[in-house]
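Asker: here you go, sequence then predicted model.
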Amino acid sequence: MLSFGLTIVRHGETQYNKDRLLQGQGIDSSLSEVGIQQAEAAGHYLQDVQFTNVFASDMKRAKQTAEIIVRKNKTCSDLHIVTHSSLKERSFGVAEGGRVEDMKNMAKAAGQPIPEYTPPEGETMDQVKVRISTFLKAMFQQMADDHRDKIQLDEETQHAEMDGPLAGRPDDGVQNVPAHALVVTHGAYMRVAVRYFIEDLACLMPLGSDRIRVFSACPNTGMCRFIVTLKCSDSDILLSSMKCVFANRRDHIKAEGT
């Protein structure tokens, strides 16, 4: 068994975010000044949290956010950021470049809630789930390859070390994990991913949480954290269990006033 922390962060604000315009995959924006401040605040918040691996979407706004967080971190400033196209934002098809409000009206006209609505030529939630599954498979293999020396036979021991109440600290849930992956991606992608983890992969929700809050949109540089346990053998790497530590945390944004 190999247990590791998984902290997923949404990229910082872009001008398109500020103007309430859809970017999706077709518009590869850089961070705005506020977005840079948010990424720096996230990096400061996570500066003492130890990461062993870093993954990011190959889009500018996610890569830039990951670079800032890693640069601010005291333990992983020399880590290589592995980019994955499977972490790209959800495609919104013909709605990309248009107003978020316009897509809401399109969803309303179609009689669907906006998270499930697919604009013409856009990606369905199931198609995004396929990309999420592709990334997880690659990440699981990478974590197992990089941390073979940390694999243990006793899953019960690992869970006992990781369980405990949240203290509202940046390292909640990962004080004793042997490895920790940082993933920087996008808002709509994260929303689908969290639902996929809980509804399809039987991920346990945080204590005292409700689905509405956990499944809500994550703010720019908002964070979700999970504990992942893998079954590792010479022939395959399989998910054993998954637990959500917290969802959509934004303490660093309030603290920095960004």
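Answerer: Received it, and whenever you're ready, just let me know what you need.

Asker: mind listing the helices for the stretch 1-150 of the chain?
Answerer: Counting by DSSP state H, counting those that start in this stretch, the stretch 1-150 of the chain has helices at residues 15-18, 33-45, 60-72, 100-109, 125-146.

Asker: centre of the chain to the last one, how far?
Answerer: When C-alpha coordinates are averaged (Cα atoms, centre = their mean, to the nearest Å), helix 125-146 and its chain have centres 12 Å apart.

Asker: just the C-alphas of that helix, formatted as PDB.
Answerer: C-alpha atoms of helix 125-146 as PDB (Å, rounded to 0.1, in the frame of the first residue of the first chain):
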ATOM      1  CA  MET A 125     -19.200  15.700 -18.100                       C
ATOM      2  CA  ASP A 126     -18.600  12.100 -19.000                       C
ATOM      3  CA  GLN A 127     -15.900  13.200 -21.500                       C
ATOM      4  CA  VAL A 128     -14.200  15.200 -18.800                       C
ATOM      5  CA  LYS A 129     -14.400  12.200 -16.500                       C
ATOM      6  CA  VAL A 130     -12.500  10.200 -19.100                       C
ATOM      7  CA  ARG A 131      -9.700  12.800 -19.000                       C
ATOM      8  CA  ILE A 132      -9.700  12.800 -15.200                       C
ATOM      9  CA  SER A 133      -9.400   9.000 -15.200                       C
ATOM     10  CA  THR A 134      -6.500   9.200 -17.700                       C
ATOM     11  CA  PHE A 135      -4.700  11.700 -15.500                       C
ATOM     12  CA  LEU A 136      -5.300   9.700 -12.300                       C
ATOM     13  CA  LYS A 137      -3.900   6.500 -13.900                       C
ATOM     14  CA  ALA A 138      -0.700   8.400 -15.000                       C
ATOM     15  CA  MET A 139      -0.400  10.100 -11.600                       C
ATOM     16  CA  PHE A 140      -0.900   6.900  -9.700                       C
ATOM     17  CA  GLN A 141       1.800   5.200 -11.700                       C
ATOM     18  CA  GLN A 142       4.200   8.200 -11.200                       C
ATOM     19  CA  MET A 143       3.600   8.200  -7.500                       C
ATOM     20  CA  ALA A 144       4.200   4.500  -7.200                       C
ATOM     21  CA  ASP A 145       7.400   4.600  -9.300                       C
ATOM     22  CA  ASP A 146       8.800   7.600  -7.400                       C
END
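
Asker: pLDDT of that helix, averaged?
Answerer: Mean pLDDT, helix 125-146: 97.

Asker: and the contacts of it?
Answerer: Outside helix 125-146, the residues that touch it by Cβ atoms under 8 Å, 6 or more residues apart in numbering are 2, 4, 52-53, 55, 82, 84, 86-88, 90, 115-116, 118, 151, 179, 181, 183, 188-189, 192-193, 195-196, 200, 228, 230, 232, 237, 239. Glycine gets a C-beta too; all of them are placed from N, C-alpha and C.
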